[in-house]
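>>> give me a model of this one.
(one chain, ligands or ions: 1)
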Amino acid sequence: MERRPLLAGNWTMHTTIAEAEALAVAIAQTAIPADRDVMLAPPFTALAAVGKVLAGSPVLLGAQNVCWEPKGAFTGEISPPMLRDAGCTLVIVGHSERRHIFAETDAMINQRVAGAIRHELVPLLCIGETLAEREAGLTFQVLERQLREGLKDIVLSGAGQLVVAYEPVWAIGTGRTATVDQAQEAHRFVRGVLLTMYEKNIATQIRILYGGSVNPDNVDALMAQDDVDGALVGGAALKAESFCRIINFK
Ligand code: PEP
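Prediction:
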């Protein structure tokens, strides 16, 4: 069975509510080929407004992080039921900015993944090596650790419950994209690790997205790789024109 491509826009800490609504309107108005999924992840403050714009459209709403608890004294966090209430069906977890700027650990990310799945949100688990780790030949070791620890004790009943995003830290927001060979090599490795963790019919169907300076000029070549099942896009997702071109990759 073919894996259905997912094109996901991570708006990071950008957009006022009005800007987010306008961007979502422009994207929702574009013709989206029926064979692919599209997700927008605005900042928390704009989720409800963007959720209203997307209601009735095929574009999915995602958030940029999630707590593992449904409610309680967790100042600054947002819970899975709150995200569901705003219309989210997916959530980014373990983004490199959460790991490296906000010191989120694999154990914490594992709790977030579990909390999302418990509440029927699909986590988009981000993994990726730093430049120093790549140069030291540690890429596969880092990816395997982030996968095994991030997915520790996570039982899946279907491949649709999880998305993995390979985002080499050195390629995020730098304009320096991984080559198609580097992306495919990492994705194939990730697929191999998933095959040791889950039944074959699940591991072969989990979508693995590439993220890191994806743009209208490189998306077609990246998407042509066997194990690249979509893209997680930052900068180029903030302009309707470039994101719509990415959605319409060939
Ligand atoms: C991201 O923010 O997840 C990302 C991949 O950013 P960019 O596309 O700008 O590299």
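>>> going forward, measure contacts and count neighbours with C-alpha atoms only.
OK.
>>> residues in contact with E167?
Residues near E167 by C-alpha atoms under 8 Å, 6 or more residues apart in numbering: S96, C126, I127, G128, E129, Y210, G211, G212.
>>> any idea how far it lies from G211?
For E167, the distance to G211 (C-alpha to C-alpha, to the nearest Å) stands at 5 Å.
>>> can you list the contacts of E167 in TSV and add secondary structure?
Shown next, in TSV, are the contacts of E167 (DSSP: H, G, I helix; E, B strand; the rest coil):
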residue	secondary structure
S96	helix
C126	strand
I127	strand
G128	coil
E129	coil
Y210	strand
G211	strand
G212	coil
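>>> now do the contacts for the nearest residue to W11 once chain neighbours are set aside.
Among residues not flanking W11 along the chain, P42 sits closest, at 5.1 Å (C-alpha to C-alpha, 6 or more residues apart in numbering). Neighbouring residues of P42 by C-alpha under 8 Å, 6+ apart: N10, W11, T12, H14, T15, A20, V50, G62, A63, Q64.
>>> next one: A24
Residues near A24 by C-alpha under 8 Å, 6+ apart: L40, V50, V53, L54.
>>> in the helix or strand hosting it, what counts as buried?
Using DSSP states H and E, A24 sits within helix 17-28. Within helix 17-28, the residues scored as buried using 16 or more other C-alpha atoms under 10 Å are I17, A20, E21, A22, L23, A24, I27, A28.
>>> the first one touches A46, doesn't it?
Yes. Using C-alpha atoms under 8 Å, I17 is in contact with A46, at 4.9 Å.
>>> now do the helices in this protein.
All helices of the chain, identified by DSSP state H, fall at 17-28, 47-54, 80-86, 96-100, 106-118, 131-135, 139-150, 180-197, 200-203, 219-223, 240-247.
>>> of the ones you listed, which stretch is the most buried?
Highest mean neighbour count of the helices of the chain: helix 106-118, a mean of 22 (counted as mean count of other C-alpha atoms under 10 Å).
>>> centre of the chain versus that one, how much separation?
14 Å (C-alpha atoms, centre = their mean, to the nearest Å).
>>> let's have the chain start at 58 instead
In the new numbering, first residue 58, that becomes helix 163-175.
>>> and it with helix 196-207, angle?
Counting by axes from the mean of the first three to the mean of the last three C-alpha atoms, to 10 degrees, helix 163-175 lies at 50 degrees to helix 196-207.
>>> helices or strands up against helix 163-175?
strand 147-150, strand 179-184, helix 196-207 (3 or more C-alpha pairs under 8 Å, 6 or more residues apart in numbering; DSSP states H and E).
>>> give me the mean pLDDT for the shortest one.
It refers to strand 147-150. Strand 147-150 comes out with an average pLDDT of 98.
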